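# here are the coordinates; sequence isn't available:
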């Protein structure tokens with residue numbers, strides 16, 4: 001509970017509305033539009049959702065931790081004056097990663113439930129389908145965190161957009177690997193390891209800067 005309160009302290013009211021409510025609902029609505037309204041486009045829409053999530057997550061970070069890793073950034077230095085400030089920041093960084101993963105996972109699960117209710121069968125092989133879905137979640141999460149990490153070296157919105165466009169390209173490569181004949185469960189494990197690795201790096205880079213980073217260490 002303390003970690004959640006610390007995380008919310010770094011978010012604005014508008015940010016919470018958009019990222020906690022509007023984005024998940026918009027992604028689900030996009031899927032429903034393609035599956036129910038426009039016909040049986042479930043398989044196409046399930047692959048589009050991660051791309052939208054990557055772009056929005058990277059761009060939106062501008063209004064939360066944008067510029068935190070710049071050499072001349074000082075907007076988080078006040079945290080060093082409090083005994084619990086650094087712990088608060090670390091909790092917020094970790095909770096932001098958890099929110100991204102849980103949000104995307106929840107959206108994908110709801111989309112699958114919509115398909116089940118509509119009687120849409122996306123994958124003939126259940127195990128293969130599960131591997132693809134989990135791989136989409138993990139790859140989108142890993143790519144969004146990686147590109148967010150890169151975007152935090154700049155504080156301008158256009159820089160976050162550029163990082164987001166890079167994320168779209170990387171995610172396209174990840175999806176391309178998934179549609180190739182092979183073993184999606186293997187890719188699922190690879191994407192999982194990458195997701196864990198970039199998560200650790202994202203927290204460490206940000207914490208290094210606020211602790212003193214480029215000037216004090």
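Ah, there it is. Remember, it's a predicted structure, so these values are computed and weren't measured experimentally.
# show me the strands in the chain, by range?
With DSSP state E, there are no strands along the chain.
# shaky segments in it?
38-40, 72-84, 120-124, 212-217 (pLDDT under 70).
# ok, residue 99 - contacts?
For residue 99, the contacting residues are 7, 19-20, by Cβ atoms under 8 Å, 6 or more residues apart in numbering. To be clear about C-beta, it is placed using only N, CA and C from the backbone, and glycine gets the same treatment.
# which helix is the longest one in the protein?
helix 85-118 (DSSP state H).
# for that one, the distance to its chain's centre please.
8 Å (Cα atoms, centre = their mean, to the nearest Å).
# in it, what counts as buried?
By neighbour count on 16 or more other Cβ atoms under 10 Å, the buried set for helix 85-118 is 85, 88-97, 99-101, 103-104, 107-108, 110-112, 114-115.
# now stretch 42-55
Going by neighbour count (16+ other Cβ under 10 Å), the buried part of stretch 42-55 is 42-43, 45-46, 49-55.
# surely residue 48 meets residue 27?
No: using Cβ atoms under 8 Å, residue 48 is not in contact with residue 27; the gap is 9.2 Å.
# that older thread, buried ones among the contacts of residue 99?
Taking 16+ other Cβ under 10 Å as the criterion, what is buried in the contacts of residue 99 is 7, 19.
# CSV for the contacts of residue 99, including distance to residue 62?
Putting those into CSV (distance: Cβ to Cβ, whole Å) gives the following:
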residue, distance to residue 62
7, 17
19, 12
20, 17
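# of the contacts of residue 99, which is the nearest to residue 151?
Nearest to residue 151 among the contacts of residue 99 is residue 19, at 15.4 Å by Cβ to Cβ.
# give me the nearest residue to that closest one, chain neighbours excluded.
Among residues not flanking residue 19 along the chain, residue 60 sits closest, at 5.9 Å (Cβ to Cβ, 6 or more residues apart in numbering).
# got it, and residue 65?
residue 152 (5.9 Å).
# returning to what we had before: pull the contacting residues for the residue nearest to residue 19.
Per Cβ under 8 Å, 6+ apart, neighbours of residue 60: 15, 18-19.
# just the ones of the buried residues of stretch 42-55 in helices?
42-43, 45-46, 49-55.
# ok, residue 157 touching residue 58?
No: using Cβ under 8 Å, residue 157 is not in contact with residue 58, being 10.8 Å away.
# which one of these two is surrounded by more residues?
Between residue 157 and residue 58, residue 58 has the larger neighbour count (other Cβ atoms under 10 Å), namely 27 against 14.
# and that one, what does it touch?
Contacts for residue 58 were tallied using Cβ under 8 Å, 6+ apart; they are 144, 147-148, 151, 160, 163-164, 167.
# looking at those residues, which are in helices?
Short answer: those in helices (DSSP H) are 144, 147-148, 151, 160, 163-164, 167.
# and the two most separated of the residues you listed?
Pairwise across the ones in helices among the contacts of residue 58, and taking Cβ to Cβ, the largest span is found between 144 and 160, at 11.4 Å.
# give me the more crowded residue out of these two.
A direct count of neighbours by other Cβ under 10 Å for residue 144 and residue 160 places residue 144 higher, at 30 against 26.
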